[in-house]
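> dropping the sequence and predicted coords here.
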There are 2 protein chains.
Amino acid sequence: MKNNETLYLKIAKIIEDQIHHETLVMGDKLPSVRSAQKLYNVSLNTIKQAYLELESRSLIESRPKTGYYVSKSALRSMALPTIANINHFESKNTPEDLIDKVFGTISKSDVTQFALGIPGSNFLPIAKLNKGIMNAVRIRSDAGTAYEPVQGTEELRRAIAKWALVMERKITEDDLVITSGAMSAIYNALMATTSPGDSVAVESPAYFGILQAIKMLGLKAVEIPTHPLYGLDLDALKKVMPEIAACCFVSNFNNPMGFQMPDENKRELVRMITAYNIPLIEDDIYGNLYFGAERPKPCKFYDEAGLVLWIGSVSKTLAPGYRVGWIAPGKFKDKIIRQKLVQTVCNSSLYSDVITDFLEHGRYDHHLRTFRNKLYSNYLQINRAVESYFPDSTKISQPKGGFMLWLELDERISTTDLHHTALAQKINFAPGRIFSQHNQYNNCMRLTYALEWNERVENDLKKLGRLAKNSI
Amino acid sequence: MKNNETLYLKIAKIIEDQIHHETLVMGDKLPSVRSAQKLYNVSLNTIKQAYLELESRSLIESRPKTGYYVSKSALRSMALPTIANINHFESKNTPEDLIDKVFGTISKSDVTQFALGIPGSNFLPIAKLNKGIMNAVRIRSDAGTAYEPVQGTEELRRAIAKWALVMERKITEDDLVITSGAMSAIYNALMATTSPGDSVAVESPAYFGILQAIKMLGLKAVEIPTHPLYGLDLDALKKVMPEIAACCFVSNFNNPMGFQMPDENKRELVRMITAYNIPLIEDDIYGNLYFGAERPKPCKFYDEAGLVLWIGSVSKTLAPGYRVGWIAPGKFKDKIIRQKLVQTVCNSSLYSDVITDFLEHGRYDHHLRTFRNKLYSNYLQINRAVESYFPDSTKISQPKGGFMLWLELDERISTTDLHHTALAQKINFAPGRIFSQHNQYNNCMRLTYALEWNERVENDLKKLGRLAKNSI
């Protein structure tokens, strides 16, 4: 065993050297496991271990059903963002005005939107959805005028449970409640698990929507530092466990940082919340948009106590405007359903049928595969563009999926000021300041790459990079 | 003037006697104002005053564009419900389990639904809405996948402002925020105007949805007695004004009582809230469903300070399942928009276009007129059925519009028990207990008459009446 261990590390070192000497370059395919076995004359297992080792260090990456490739990140010229040192005593304040400014341009089509957390329409199966609407209207005799069941239609819940393959049948239609998008699920999950005045642990930087919901419900956010590759600092979380009422995390392809929490950390996190009997709200809306070999497990997979409230939606993969999301709220299900009844009675009808139809007949797996390939290609584009156009001191995240890139610029640069200047040039992005209640991330920004890549996008990134250079 | 006054009262007395001696019977048309003028040889104005006097006493009623008719209520054989004597020290508790039981059968088509607060599909313009959906899909190029503006589309807001004729152009598209049905508007209006622990004045009996929202937000409801014909007891409200943070009333065709608050009372109410600087949430979703001559004014019409948050929706007149409602939140507009963004981002798309299209090209006025006529006819049916089948001691409300009837049965009858028995026979109604946080209205029930009137409905009312008789 000891010998084997050394062996796989040796092979990994050989391949690593080939990458650093550019014998193997970004995008090159590695020999198949079987070919490599013959080449190095070792066991299949040793090769697999070597490749896993290289993959864990982001030097290579597996692409589903085709094999291993030298990864972009093997050739990174820019460093990873630093881990935040959060000063909990600083003034707590979500910059609402800045958020309003960033999202006030949502519907303006003449602005290049690096700010928006939804995919461009060229990523979406518009024609199939159109057909789905026509079908739904034809099949229903009521033009969608009837109320849906508060929990959501059984058909839609069944289709969602079926597609939650990653849960290995641990979820059925009974476990799910349909919500008006994931944001409504988060808001209601917070409401169901806390009382005003309570504290909620969040990742830092955090998705501003979560920070706003926490504030609106009269709760306090406790920001936990995150590693740009592995996410949540579990030791830091452990220290605050006795004083919090709930956790709210984006465990897979985190917004904004893009990290994927390792399985072992997820298991440990679930052990911790179970020991403390503290609910975990898990926003897993990006989970299907992985760049790696397979869809990562959510924390919910490891949850035996019904403490994890697992949230998904079609807003990131099919149709943002439908406002169809869902939650598997564990033991908080009845509370969530009652809250929904009081807040809005039920979801808008018809779209449930359209999404059910798509999940059942629309070749969702095919759509997701195509979508992921386009996203990955865009990620390579934006990464290259940032490396080319932005100051060399820029630090850049290394997302394992999703469609958010996080940049940390020179400390002298205020991305809030930069945003103001860029917006005047019809370029919109999300300034770092909105991702914390504390006065931090002022030199950071989040860029979405789920837009159609064209000359204008390329030019706008060039402009943005120049503006950043001029700010130092 | 004195003379004139006597004169119109004399004429009113003559007509009243004719009604009581059944010379004129229910549904008979009165002579036109001009004919009557000649008949009695008095001025036009005197006749108008006489008719108004009779109308104010519910002996006659005007039907739009056709004239005056002897009203059903002129021949009432049952008394009006009594005004509640609210014991504020009684245990405060909304009976959630009972509410769940009543609304758990929403989607069961084999149950006769006297409980549901929405019109049956035979009242709705299904074919036109179907066409509207097809059109919207054809015109949009995105299958409804894009986000709407948070405030709602400008087109829909403009169409709603245009149809708010009753406001005499005091409302524009800028004043409106689209919400996910009226319930979401009420919830958000409460949230925008109060803090946890505050007290909110409501009518008693009150729509249980409002009581639940108040409880869910950590607020206290203060129930104000209402008169079955004129609504809110303003003196009772005045006494509690110093201790409340907001009011939440259904001023027109109240749910459940059906009363229409007189204009003078509305004016006085707005004077009161303005003097105390207390916001008024006005749920006016039934306002267009009047049985009288014209659409009653909302309190919002008298509001100069921006303190009235006026709420409407299409759920009662066009399409409950679309979840399209709106609010004119006065000076709370920015707060409401921000709350909406955090809770759900925006409404489901497409339906905005469908409703805009209907309001602009669907002959909404024609639809409303037809709808009102059907509703009024159903009201006469249910009134007759209750008088025929229910115990003689039953007291019955006299709605001036909307589609809710409130019954007060013999004190010995528990409508909660009756509901249990009726549901076993596939008859659902709303027991009185759910309309208060106090232990009252236990012998009351709310019946919806916005369903297709057929033999089964008639028989089920007969059954229900028999069950009531057997409970004494």
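On my side now, so go ahead.
> and stretch A:19-36, how far apart are its ends?
Distance between the two ends of stretch A:19-36: 16 Å, counting by CA to CA, to the nearest Å.
> which of the residues in that stretch are buried?
A:Ile19, A:Leu24, A:Leu30, A:Pro31, A:Val33, A:Ala36 (16 or more other CB atoms under 10 Å in any protein chain shown). For glycine as for every other residue, the C-beta is placed from the backbone atoms N, C-alpha and C.
> distance between the ends of stretch A:240-247?
From its first residue to its last, stretch A:240-247 covers 11 Å (CA to CA).
> one more: stretch A:40-47?
Stretch A:40-47 end-to-end distance (CA to CA) = 9 Å.
> what sits up against that stretch?
A:Asn4, A:Leu7, A:Tyr8, A:Ile11, A:Val33, A:Arg34, A:Ala36, A:Gln37 (CB atoms under 8 Å, 6 or more residues apart in numbering or on different chains).
> out of the buried residues of stretch A:19-36, who's nearest chain B?
Comparing the buried residues of stretch A:19-36 against chain B with CB to the nearest CB places A:Leu30 closest, at 38.0 Å.
> measure that closest one to A:Val250 for me?
31 Å (CB to CB, to the nearest Å).
> also A:Tyr389?
A:Tyr389 is 28 Å from A:Val250, by CB to CB.
> neighbour count: these two, which is higher?
A:Val250 (32 against 19; other CB atoms under 10 Å in any protein chain shown).
> and the contacts of stretch A:40-47, which two are furthest apart?
Spanning the widest gap among those are A:Asn4 and A:Arg34, at 18.2 Å by CB to CB.
> how many residues are close by A:Pro125?
A:Pro125: 22 surrounding residues under other CB under 10 Å.
> need the contact list for the spatially closest residue to it that is not a sequence neighbour.
Closest residue to A:Pro125 apart from its sequence neighbours, by CB to CB, 6 or more residues apart in numbering or on different chains: A:His367 at 5.4 Å. Applying CB under 8 Å, 6+ apart to A:His367 gives the contacts A:Pro125, A:Thr317, A:Leu318.
> A:His367 - that's part of a helix, no?
Yes: applying DSSP: H, G, I helix; E, B strand; the rest coil, one finds A:His367 inside a helix.
> now do the buried residues in the helix or strand encompassing A:Lys238.
Assigned by DSSP states H and E, A:Lys238 belongs to helix A:234-240. Within helix A:234-240, the residues that count as buried by 16+ other CB under 10 Å are A:Leu234, A:Ala236, A:Leu237.
> hang on, the last one packs against A:Glu223?
So that's A:Leu237. No: contact criterion CB atoms under 8 Å: A:Leu237 and A:Glu223 do not qualify, at 10.7 Å.
> let's have the buried residues of helix A:234-240 in JSON lines, adding pLDDT.
Formatted as JSON lines, those follow (pLDDT from 0 to 100):
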{"residue": "A:Leu234", "pLDDT": "97"}
{"residue": "A:Ala236", "pLDDT": "96"}
{"residue": "A:Leu237", "pLDDT": "97"}
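> closest one of the residues you listed to chain B?
A:Leu237 (24.4 Å).
> helices of the stretch 51-200 of chain A, start to end?
Per DSSP state H, counting those that start in this stretch, the stretch 51-200 of chain A carries helices over the ranges A:96-103, A:126-139, A:154-163, A:181-193.
> buried deepest among those helices, which one?
Mean neighbour count, computed with mean count of other CB atoms under 10 Å in any protein chain shown, is highest for helix A:181-193 among the helices of the stretch 51-200 of chain A, reaching a mean of 26.
> and that one, what does it pack onto?
With contacts taken as 3 or more CB pairs under 8 Å, 6 or more residues apart in numbering or on different chains; DSSP states H and E, helix A:181-193 sits against helix A:208-216, strand A:246-249, strand A:280-283, strand A:308-313, strand A:325-328, helix A:333-344, helix B:333-344.
> poorly predicted segments of the stretch 301-450 of chain A, please.
Judged by pLDDT under 70, the stretch 301-450 of chain A has no weakly predicted residues.
> just the helices in it please.
Assigned by DSSP H, counting those that start in this stretch, the stretch 301-450 of chain A shows helices spanning A:333-344, A:351-361, A:364-389, A:415-424.
> list the residues that contact the residue in the stretch 351-472 of chain A that chain B sits nearest to.
Nearest residue of the stretch 351-472 of chain A to chain B: A:Tyr351, at 6.0 Å (CB to the nearest CB). The contact partners of A:Tyr351, by CB under 8 Å, 6+ apart, come to A:Ala319, A:Tyr322, A:Arg323, A:Val324, B:Gly144, B:Ser348.
> taking those residues, tell me the two that lie furthest apart.
Largest pairwise distance in the contacts of A:Tyr351, by CB to CB, is 11.1 Å, between A:Val324 and B:Gly144.
> returning to what we had before: who wins for proximity to B:Pro431 among the helices of the stretch 301-450 of chain A?
Nearest to B:Pro431, of those and by CB to CB, is helix A:333-344 at 17.3 Å.
> A:Ala468: which of the contacts of A:Tyr351 is nearest?
Using CB to CB, those come closest to A:Ala468 at A:Ala319, 34.1 Å.
> for burial, what's the neighbour tally of that closest one?
Neighbours around A:Ala319, by other CB under 10 Å: 30.
> ok, the contacts of stretch A:40-47 vs B:Val70, which is closest?
A:Val33 (91.9 Å).
> so how far is A:Ile126 from that closest one?
Using CB to CB, we find A:Val33 at a distance of 39 Å from A:Ile126.
> quick one on the thing from earlier: now the common contact residues for A:Leu237 and A:Glu223.
Here A:Leu237 and A:Glu223 have no joint contacts, going by CB under 8 Å, 6+ apart.
> which residues sit against stretch A:13-33?
The contact list for stretch A:13-33 (CB under 8 Å, 6+ apart) reads A:36, A:39, A:44, A:47-48, A:50-51, A:54, A:59-60, A:66-72, A:74-75.
> so for it, what's the average pLDDT?
Average pLDDT, stretch A:13-33: 84.
> now it: how far from the chain's centre is it?
Computed by CA atoms, centre = their mean, to the nearest Å, the separation of stretch A:13-33 from the middle of its chain amounts to 29 Å.
> enumerate the residues of the stretch 351-472 of chain A near chain B.
A:Tyr351 (CB under 8 Å from any CB of the partner chain).
> quickly list the domain ranges of chain A.
A:2-75, A:96-122+A:366-470, A:143-362 (automatic domain parsing).
> quick check: which of these is buried the most?
domain A:143-362 (a mean of 22).
> would you work out how far apart the start and end of it are?
Domain A:143-362: ends 22 Å apart by CA to CA.
> just how off-centre is it within its chain?
The chain centroid and the centroid of domain A:143-362 are separated by 12 Å, computed with CA atoms, centre = their mean.
> picking that back up, present the contacts of A:His367 as CSV; the columns should include distance to A:Asn135.
CSV is the format used below for those (distance: CB to CB, whole Å):
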residue, distance to A:Asn135
A:Pro125, 14
A:Thr317, 20
A:Leu318, 16
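> show me which of those is closest to chain B.
Taking the contacts of A:His367 together and measuring to chain B by CB to the nearest CB, the closest member is A:Leu318, at 7.6 Å.
> what are the phi and psi angles of the closest one?
phi -130, psi -60 (degrees, to the nearest 10).
> which residues of the stretch 201-350 of chain A lie near chain B?
Neighbours of chain B within the stretch 201-350 of chain A, by CB under 8 Å from any CB: A:209, A:212-213, A:216, A:218, A:318-323, A:338-339, A:341-350.
> can you rerun that using 7 Å?
Applying CB under 7 Å from any CB of the partner chain, we find that the stretch 201-350 of chain A lies next to chain B at A:209, A:212-213, A:216, A:218, A:319-323, A:338-339, A:342-345, A:348-349.
> need the pLDDT of A:Gly181.
For A:Gly181, the predicted pLDDT is 95.
> typo on my end, A:Ala74
62.
> shouldn't A:Phe358 be in contact with A:Ile133?
No: using CB atoms under 7 Å, A:Phe358 makes no contact with A:Ile133, being 10.4 Å away.
> most centrally placed residue in chain A?
The centre of chain A sits closest to A:Phe253, judged by CA atoms, centre = their mean, with a distance of 3.3 Å.
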